[in-house]
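Chemist: Return a 3D structure for these sequence lines:
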Amino acid sequence: MHQASSRPFRGGSWRFVALGLLALAGATAAAEQAAEPATALRRDGGLFTAEYQSVKVPGDRPIDLIGAHLYHRLGEGLYVGAGFYAPLVQGEYGGFVAADLGLHARRPLWGRWFGVAGLSAGGGGGGRDVEHSKRLSGSGGFAKGYAGLVYDFGDFSAGATVARLKFRHALIDSSQLNLMLEVPFTYLTGPYAAQGQRLSVEDDARVAQEGGESLLTLGLDNYHQQSPRGSNRSTVRLADLQFARFFSADHYWFASLGMGYAGLPLYNQLLGGLGWRVRLSPGVAVYAQLGVGSGGYAPDVIDTHSGLLVYPKLAAEVMVTRDLGLGFTAGAMTAPTGSSRNLTLGLNLTRHLRAGGGHEAAGPATLQGLRLSVLHETEFRLRYREVDRPALQMIGLQLDLPLGPRAYVPLQASGAYTAYLGYPGYAEILGGLGLQTRLETGERWQAFAQALVGANVHGRTVKGSAGLRWLLDERLALNASLGRLAARSRGGGRFEANHVSLGLDYRFSVPTR
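Modeler: Numbering: from 1, shown residues only. Below is the predicted model of the structure:
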C-alpha cells in the first residue's frame, strides 16, 4: 500500500475541501440574500439530479452506482447540495453507500443545450466483507468531478457527463460515462424569525393556489429475516426518515433513508417510489407504497448481493392531532439479486405539512420554521475497548424542527471520510431534543445544547453537545459546538469520544395550514 504522502488527497486536504465547500456556499448565499425583504414570501429554486454510472474495479466486476442529489440554487446557474450513491445490479456490492456535499453549475450553450459541471467530496464504503471493503473503498474519503452536456426538454433535462471518481487508498479510481437527469423545482419560503405568524391576504392567496401537501415521517422498522443465508440471523431493527410529496389528492412520490440501530447496526437502505392513500374517515387512513432502491451491509452478513431492494409496504394511520399521525406498518423487503427475504413490522410518526387551499384548509396559512445545518465534525480522544484510536473526520447534516423559541427536535446523520479501526464506512444516525436561548430582535448570538440518541457502527449511541450560533443574516448562521459521545457494542466493547463541530445553518420557514 502506498504511503499517505504519495497520494494527492491527504487527510488534511480533505478537511480543507469540506470546509471550503461550506465557506463558498455561505458566502455566495449571503450575497444573494442581502436584499431580502423582512417579511414577504419569496420563491426559492432548487434542482434534483439522478445519475447512473458503471465504475471499473481492477480485478473485479464493475460497481454500478445510482446517485440522487438535492441542490439549492445560490445564484444564476450555480447550486449547492448533498446526496447519496448506492449500487444496483452489478457485482456483489450490497450495502456499499457513499454521501457527498458538492457544487453543481449549468450554463446555456446553444438552443436547448446546456453545459454542466460539478465537484463534490464525501465519505462512504462497503464491499463483500470487511476486508474487501478496505480494498474497494480505502479509508472512505472520496472526491468526484464531472463535466458534460444536457438537453432541456422543458420540465426536465437529460444528458451525459464524463465523471472522475476517486476513493483514497482504494481500488475505486476511475473515469467513466455518467448519465444525468435534472429536474428543476421552486418553492415558497419565508423568514425563519416569522415562524408561527399568519400570512398576509396576498401571500395566503399565493400559497392557496400553489401549495400542496407533504409528509415528513420518522419510523422504527423491524426486519424479520426469513431463512437467512448470511452470517447475521438477528431481527434487524432500523430507524428511517421519509419525505413524501403529493402530486394529486391521494397519490405521492417519496424518498427515504434507513439505518439499523440494533440487530445489525448501520445496515443501510436508500429507497424511492410511489404511494397511494385511502381515507377511511377524517382521522383514519390507509397507505400503500412501493419502494425500489439499494441497501444491505455486506453480502456475507446479509445477502442483498448487488444491493437492489424492492419494498412494498402498507400503513394504517390514526391522526393524534390535526397535523400529527401515528402509523402501524407491515411489509415485505426483498433483494431480487440475493437471497435476503424479510417480513417487516413497524411504527411511525408523520408530520403533515399542508399549504394548499383545498377542502382541508383550516383558515390562513402560518409559517413553520426549519433549520438545516451542514456540519464538519471531528471525534477525538477516541477510545474503543480501552484502547486509544485515531481521530475521525466526518461530514454531517442536521435538520431542526422547532417546538417553540427555546426548544427543537434535531435529526442528524453523519459519515466519516477517514478510516475507523482501519476500515471505511463509519457513520452515525441520531435524533433527540435541543434547547436554545431565545433570540430577541437585533441579537446575533445564540447558545444551544442538545441530547441525541441513535446508533453508530457498534449499536445504541448517546451524544450530547453544547455550543454557540452566530447569525450572519436572516437566513444564514454559523455554529460551533463541543460534546461527548458514547456507545457500546453487543460484545460489551465501549466506544467513547469527544467531538467538536463547525457548521453552516440555513434557516427558513414554509407555509402550512
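
Chemist: what's around the closest residue to Phe247 other than its chain neighbours, how many residues?
Modeler: Of all residues not flanking Phe247 in the chain, Trp253 sits nearest, at 6.5 Å (Cβ to Cβ, 6 or more residues apart in numbering). In short, each C-beta sits where N, CA and C put it, glycine included. Residues near Trp253, counting by other Cβ atoms under 10 Å, number 14.

Chemist: Surely Trp253 touches Trp276?
Modeler: No - the pair Trp253 / Trp276 is not scored as a contact, 11.2 Å apart, by Cβ atoms under 8 Å.

Chemist: And stretch 386-399, what's buried?
Modeler: Neighbour-count burial for stretch 386-399, with 16 or more other Cβ atoms under 10 Å as criterion, is recorded at 389, 392-399.

Chemist: For the residues you listed, name the two members farthest from one another.
Modeler: Farthest pair in the buried residues of stretch 386-399 (Cβ to Cβ) is Arg389 and Leu399. Separation: 29.2 Å.

Chemist: what helix or strand is the closest residue to Leu165 other than its chain neighbours on?
Modeler: With Cβ to Cβ, 6+ apart as the criterion, Leu165 has its nearest non-adjacent residue at 4.9 Å, and that residue is Lys144. Per DSSP states H and E: Lys144 is located in strand 141-152.

Chemist: helices or strands next to that strand in the packing?
Modeler: helix 11-33, strand 97-110, strand 113-125, strand 157-167, strand 173-189 (3 or more Cβ pairs under 8 Å, 6 or more residues apart in numbering; DSSP states H and E).

Chemist: so for it, what's the average pLDDT?
Modeler: Averaged over strand 141-152, pLDDT sits at 97.

Chemist: Need the CA coordinates for it. PDB is fine.
Modeler: Taking Å, rounded to 0.1, in the frame of the first residue of the first chain, the C-alpha atoms of strand 141-152 are listed here in PDB:
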ATOM      1  CA  GLY A 141     -12.900   9.600   1.700                       C
ATOM      2  CA  PHE A 142     -13.600  10.300  -1.900                       C
ATOM      3  CA  ALA A 143     -13.800  13.200  -4.500                       C
ATOM      4  CA  LYS A 144     -15.800  13.400  -7.700                       C
ATOM      5  CA  GLY A 145     -15.700  15.800 -10.600                       C
ATOM      6  CA  TYR A 146     -17.700  15.800 -13.800                       C
ATOM      7  CA  ALA A 147     -18.500  17.900 -16.900                       C
ATOM      8  CA  GLY A 148     -20.800  17.300 -19.800                       C
ATOM      9  CA  LEU A 149     -23.900  18.200 -21.700                       C
ATOM     10  CA  VAL A 150     -27.700  18.100 -21.100                       C
ATOM     11  CA  TYR A 151     -30.700  18.800 -23.300                       C
ATOM     12  CA  ASP A 152     -33.500  20.900 -21.800                       C
END
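
Chemist: related to what we said a few turns ago, which of the helices and strands packed on strand 141-152 sits closest to Ala365?
Modeler: Within the helices and strands packed on strand 141-152, the stretch nearest Ala365 is strand 173-189; the backing value is 9.7 Å (Cβ to Cβ).

Chemist: For Leu397, which three-state class applies?
Modeler: Three-state call for Leu397 (DSSP: H, G, I helix; E, B strand; the rest coil): strand.

Chemist: Hmm, Ala427 and it touching each other?
Modeler: No - counting by Cβ under 8 Å, Leu397 stays clear of Ala427, with 11.7 Å between them.

Chemist: for the one helix or strand Leu370 maps to, the distance to its chain's centre please.
Modeler: Assessed by DSSP H and E, Leu370 sits inside strand 366-384. Centroid separation for strand 366-384 versus its chain: 12 Å, with Cα atoms, centre = their mean, to the nearest Å.

Chemist: Next secondary structure element downstream of it?
Modeler: Proceeding N to C from strand 366-384, the next assigned helix or strand is strand 387-389, under DSSP H and E.

Chemist: Tell me the neighbouring strands of that next one, and mark each as parallel or antiparallel.
Modeler: Here strand 387-389 has these sheet partners by DSSP bridges: strand 366-384 (antiparallel).

Chemist: Buried residues, the partner strand. List them.
Modeler: Residues of strand 366-384 classed as buried: 366-371, 373-379, 382, 384 (neighbour count, 16+ other Cβ under 10 Å).

Chemist: Closest one of the residues you listed to Lys134?
Modeler: The nearest one, if we look at the buried residues of strand 366-384 relative to Lys134 and count by Cβ to Cβ, is Tyr384, at 17.2 Å.

Chemist: my read: that closest one touches Phe495, true?
Modeler: Yes - counting by Cβ under 8 Å, Tyr384 touches Phe495, with 5.0 Å between them.

Chemist: where do the contact lists of those two overlap?
Modeler: His458 (Cβ atoms under 8 Å, 6 or more residues apart in numbering).

Chemist: hang on, the earlier thing: now, which of the buried residues of stretch 386-399 sits nearest Gly212?
Modeler: Leu399 (20.0 Å).

Chemist: The closest one - nearest residue in space that isn't next to it in sequence?
Modeler: Leu411 (4.8 Å).

Chemist: Pull the distance from whichever strand or helix holds that neighbour to the chain's centre.
Modeler: Here Leu411 is covered by strand 407-416, with elements defined by DSSP H and E. From the chain centre to the centre of strand 407-416 is a distance of 10 Å (Cα atoms, centre = their mean).

Chemist: Which of the residues in it are classified as buried?
Modeler: Neighbour-count burial for strand 407-416, counted by 16+ other Cβ under 10 Å, picks out 408-416.

Chemist: how big is the angle separating that strand from strand 113-125?
Modeler: If you take axes from the mean of the first three to the mean of the last three Cα atoms, to 10 degrees, strand 407-416 sits at 90 degrees to strand 113-125.

Chemist: Work out for me the element the residue nearest to Phe247 sits within.
Modeler: Going by DSSP H and E, Trp253 is part of strand 251-262.

Chemist: Same question for Ala208.
Modeler: Taking DSSP H and E as the definition, Ala208 sits inside helix 201-210.

Chemist: and Pro364, what is it in contact with?
Modeler: Contacts of Pro364 by Cβ under 8 Å, 6+ apart are 198-199, 204, 513.
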